[in-house]
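Undergrad: Here's my sequence, what's the structure:
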Amino acid sequence: MTSITGGARIVDDGREAASRQTRHVIGQIALYSALVVWAFVSLFPIYWTITTSFKVAKDVQAGHLVPWVDFQPSWLGWRSLGLSPDTIGTLSTVRDEFMLRFFNSIEMGLGASILAVVIGSLAAYGLSRFQYKFLWMRNNDISFFFLSQLILPPVVLALPFLVLYKELALLDNPVGLILLYTLTVLPIVVWIMKDQFDTIPTELDEAAQVDGLGPWGTFVRIILPIALPGTVAAFILSLILCWNEYFFAALLTSSDAKTLPVMVASQTGSQGINWWAMAALSTAAIMPLVIIGVALERYIIKGLTAGSVK
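TA: Take a look at the predicted model:
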């Protein structure tokens with residue numbers, strides 16, 4: 001009787017183990033299926049943009065998606081920008097304009113991102129390590145004040161900045177956009193870097209000061225190297241936001257300081273939008289960000305998740 005009961009128990013345990021294994025496999029399949037669907041949804045706009053840059057008008061209007069199956073790729077979009085293989089070695093005013101806008105975007109994006117990371121890191125370190133009091137505000141109130149700036153719609157600042165920049169002669173000036181972009185992305189940098197500094201034990205600061213380092217030496221030689229992933233993540237996010245900014249670039253510039261987003265939005269003609277030219281220009285504009293994102297992916301993930309578990 002005992003052996004029969006033991007055998008039944010072994011059978012039940014085997015069935016339960018098989019059932020758990022089945023549920024685990026089903027869960028894994030569901031998880032990876034959801035990830036595949038999400039990856040498709042996320043990457044499809046990029047795929048559509050790249051393939052549209054190789055289409056002609058009839059293929060765009062027909063909604064053809066698969067090269068060499070639905071449509072035959074063409075260099076029409078890239079040729080209109082002087083970036084096709086048969087025009088890259090010839091003179092092209094459109095290509096010259098594209099390069100000017102491209103380097104404007106690099107100059108303003110890098111300048112604003114570096115400035116925002118420097119200022120934001122100092123502000124975040126101060127909020128993380130020292131106690132402040134400004135009127136009724138303490139550290140948490142000051143941190144919330146930085147974050148609250150993200151709620152403010154850009155259009156609210158349009159008229160004040162237009163009048164201010166006119167008085168300061170900063171209209172159509174790269175310096176003006178760099179300063180404005182720095183203010184725009186500074187709250188995000190402070191938020192990321194403060195979260196990063198909060199995860200670093202204060203004992204490291206105390207040990208560095210015992211060894212003779214002052215606050216600046218501790219910050220530069222000890223804390224910043226540890227916070228490198230967060231610094232890189234803040235820099236990349238700032239660069240993306242500055243690179244893609246359109247509203248102020250269109251409002252405060254006229255010719256010399258225009259950026260790529262303004263040029264992309266201008267790809268319209270008397271017969272409508274030149275989708276192939278706009279797609280080619282958009283593809284050329286997003287490639288630097290894609291390359292930077294892929295190259296620094298591990299830093300971005302570490303920086304954004306460093307303070308998620310405490």
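Undergrad: tally of neighbours for residue 63?
TA: 10 (other Cβ atoms under 10 Å). Quick note: C-beta positions are derived from backbone N, CA and C, even for glycine.
Undergrad: May I have the predicted confidence score for residue 308?
TA: For residue 308, the model assigns a pLDDT of 47.
Undergrad: I meant to write residue 240 there.
TA: 90.
Undergrad: ok, now which ones touch the residue lying closest to it once chain neighbours are set aside?
TA: Leaving aside its sequence neighbours, residue 240 sits nearest to residue 289 (Cβ to Cβ, 6 or more residues apart in numbering; 5.9 Å). Listed by Cβ atoms under 8 Å, 6 or more residues apart in numbering, the contact partners of residue 289 are 239, 240, 243.
Undergrad: now those in CSV, with neighbour count and distance to residue 194?
TA: Shown next, in CSV, are the contacts of residue 289 (neighbours: other Cβ atoms under 10 Å; distance: Cβ to Cβ, whole Å):
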residue, neighbour count, distance to residue 194
239, 25, 20
240, 17, 20
243, 23, 24
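Undergrad: Nearest to residue 25 among those?
TA: Set against residue 25, the nearest of these by Cβ to Cβ is residue 240 (38.1 Å).
Undergrad: Tell me where the model's unsure across the stretch 1-150 of the chain.
TA: For the stretch 1-150 of the chain, applying pLDDT under 70 flags the ranges 1-14.
Undergrad: and what of the stretch 151-300 of the chain?
TA: In the stretch 151-300 of the chain, residues with pLDDT under 70: 269-271, 299-300.
Undergrad: can you rerun that using 80?
TA: For the stretch 151-300 of the chain, the stretches with pLDDT under 80 are 267-273, 293, 296-300.
Undergrad: if we can go back for a sec, just to be sure, which of the contacts of residue 289 are found in helices?
TA: 239, 240, 243 (DSSP state H).
Undergrad: Just to check, residue 204 is in contact with residue 225?
TA: No. Using Cβ atoms under 8 Å as the test, residue 204 is too far from residue 225 to be in contact (10.8 Å).
Undergrad: quick one, strands of this structure?
TA: 268-269, 272-273 (DSSP state E).
Undergrad: Helices of the stretch 51-200 of the chain, residue ranges please.
TA: 57-62, 76-79, 93-129, 139-148, 158-167, 174-198 (DSSP state H, counting those that start in this stretch).
Undergrad: Quick one: distance of the second one to the chain centre.
TA: On the basis of Cα atoms, centre = their mean, to the nearest Å, helix 76-79 is displaced by 28 Å from the centre of the chain it belongs to.
Undergrad: just checking, what packs against it?
TA: Helix 76-79 makes packing contacts with helix 275-295 when contacts are defined by 3 or more Cβ pairs under 8 Å, 6 or more residues apart in numbering; DSSP states H and E.
Undergrad: next one: the fourth one
TA: Packed against helix 139-148, as judged by 3+ Cβ pairs under 8 Å, 6+ apart, are the following elements: helix 93-129, helix 174-198.
Undergrad: Could you do the longest one as well?
TA: When contacts are defined as 3+ Cβ pairs under 8 Å, 6+ apart, helix 93-129 sits against helix 139-148, helix 174-198, helix 228-244, helix 260-265, helix 275-295.
Undergrad: Nearest to residue 66, out of those helices?
TA: helix 275-295 (15.7 Å).
Undergrad: okay, the angle between the closest one and helix 228-244?
TA: 170 degrees (axes from the mean of the first three to the mean of the last three Cα atoms, to 10 degrees).
Undergrad: For helix 275-295, buried residues please.
TA: Across helix 275-295, burial judged by 16 or more other Cβ atoms under 10 Å covers 275-286, 288, 292.
Undergrad: still on that earlier bit, settle it for me: which of residue 204 and residue 225 has more neighbours?
TA: Taking other Cβ under 10 Å, residue 204 and residue 225 do not tie; residue 204 has more neighbours (13 against 9).
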